[in-house]
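1. structure here, sequence nowhere to be found:
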């Protein structure tokens with residue numbers, strides 16, 4: 001039998017796949033749409049036919065039937081008024097922060113086997129209205145949102161628009177969205193216990209921005225643990241989660257407290273900057289000052305010396321975000337929930 005011709009664009013058609021596989025057009029459609037009741041042998045025959053003739057589904061037509069785009073957005077949001085807080089521009093911070101790469105990798109581990117595309121969207125204040133318009137137009141099925149600031153309006157805007165979304169951390173304001181986080185205060189306590197346990201007594205911290213729940217929790221957890229063990233207050237300088245911010249904050253801290261012998265930085269990038277500042281001041285790490293970071297990112301092993309740090313399993317957390325979003329798409333009335341991961345101490349050379 002002569003195969004039917006391709007369509008006007010020259011692309012293989014659904015009918016050609018059906019003819020090559022010896023099944024009906026409806027059966028091919030069920031295979032493409034991952035209907036679970038298709039016989040495995042028939043599914044295999046259709047998949048072979050698709051591969052042999054090079055058929056590519058028309059996603060636009062398919063989305064009209066399924067009302068799905070098979071795409072999700074990973075949005076990295078910065079709320080209005082924060083550009084002046086950071087010396088480094090938003091897009092530069094976005095693409096140099098190891099955390100973003102780890103979130104992307106973890107989400108892809110879950111989404112890629114399901115043939116779901118992940119679209120990374122920066123959302124600094126000038127782009128917020130464009131991002132909302134893109135989402136309203138239905139380009140994605142849901143959103144994985146990295147939003148760390150309590151003042152960020154985007155989480156509530158997603159709720160108001162009815163767009164399925166999952167947050168990468170505890171929100172700064174109550175919002176009916178699922179989120180995934182690490183026990184931030186517990187991680188900071190591990191850092192304090194390690195520094196005290198290694199004989200450090202004059203402790204200080206470079207904390208994160210205090211309008212961010214993670215910055216607040218890591219500072220509170222470290223201070224409470226040190227107070228419980230040593231009965232002293234902990235001096236703190238605020239950084240911005242960048243290397244340069246950590247370096248500048250450490251210089252300010254040493255100007256006020258040159259006697260410190262143990263330092264907790266609220267992320268690895270700031271810890272790396274802190275080590276640089278200490279070395280510039282002639283302080284040896286770890287002989288004179290022990291340094292502990294937070295994240296266990298690539299910055300921890302690229303630092304000299306390598307960082308002792310608190311590991312948050314970012315890839316696993318991002319995978320859980322993706323699973324929660326998929327569950328929300330399957331069950332639109334599903335109640336929002338939180339999933340909290342446990343941090344662990346990773347001992348290297350800096351403390």
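-> Good, I have the coordinates. These numbers were taken from a predicted model, which means no experiment stands behind them. Numbers count the residues shown, from 1 in each chain.

2. in this structure, where is pLDDT below threshold?
-> Low-confidence segments of the chain (pLDDT under 70): 1-10, 57-68, 79-88, 90-92.

3. domain parsing for it?
-> With domains defined by automatic domain parsing, the chain comprises 14-66, 71-182+314-340, 184-311.

4. looking at these, spot the one closest to residue 351.
-> Closest approach to residue 351 among those (CB to CB): domain 184-311, 3.4 Å. Every C-beta, even on glycine, is put in place using the N, C-alpha and C of the backbone.

5. how about a markdown table for the domains of the chain, with mean neighbour count added?
-> As requested, the domains of the chain are exported to a markdown table (neighbours: other CB atoms under 10 Å):
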| stretch | mean neighbour count |
| --- | --- |
| domain 14-66 | 15 |
| domain 71-182+314-340 | 18 |
| domain 184-311 | 21 |
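
6. reformat those domains as JSON lines; add distance to residue 349.
-> As requested, those are exported to JSON lines (distance: least, CB to CB, whole Å):
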{"stretch": "domain 14-66", "distance to residue 349": "49"}
{"stretch": "domain 71-182+314-340", "distance to residue 349": "19"}
{"stretch": "domain 184-311", "distance to residue 349": "4"}
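
7. from residue 261, how far off is residue 199?
-> When distance is defined by CB to CB, to the nearest Å, residue 199 is 8 Å away from residue 261.

8. what does residue 305 give?
-> 16 Å.

9. repeat that for residue 158.
-> 46 Å.

10. would you agree residue 188 is in contact with residue 215?
-> No - counting by CB atoms under 8 Å, residue 188 does not reach residue 215; the two are 10.7 Å apart.

11. next, show the common contact partners of the two.
-> Common contacts of residue 188 and residue 215 (CB atoms under 8 Å, 6 or more residues apart in numbering): residue 266.

12. how about residue 148, what does it touch?
-> 168-169, 172, 212-214.

13. kindly recompute the last result at 10 Å.
-> 76-79, 82, 167-172, 208-209, 211-215, 241 (CB atoms under 10 Å, 6 or more residues apart in numbering).

14. and it, how far from residue 161?
-> For residue 148 relative to residue 161 (CB to CB), the value is 21 Å.

15. measure stretch 276-293 end to end?
-> Taking CA to CA, to the nearest Å, stretch 276-293 runs 14 Å from one end to the other.

16. assumed residue 310 was part of a helix.
-> No - assignment of residue 310 by DSSP: H, G, I helix; E, B strand; the rest coil gives strand, placing it outside any helix.

17. run through the residues that contact it.
-> Contacts of residue 310 (CB under 10 Å, 6+ apart): 182, 184, 186-191, 194, 218, 264, 266-268, 292-296, 300, 343-346.
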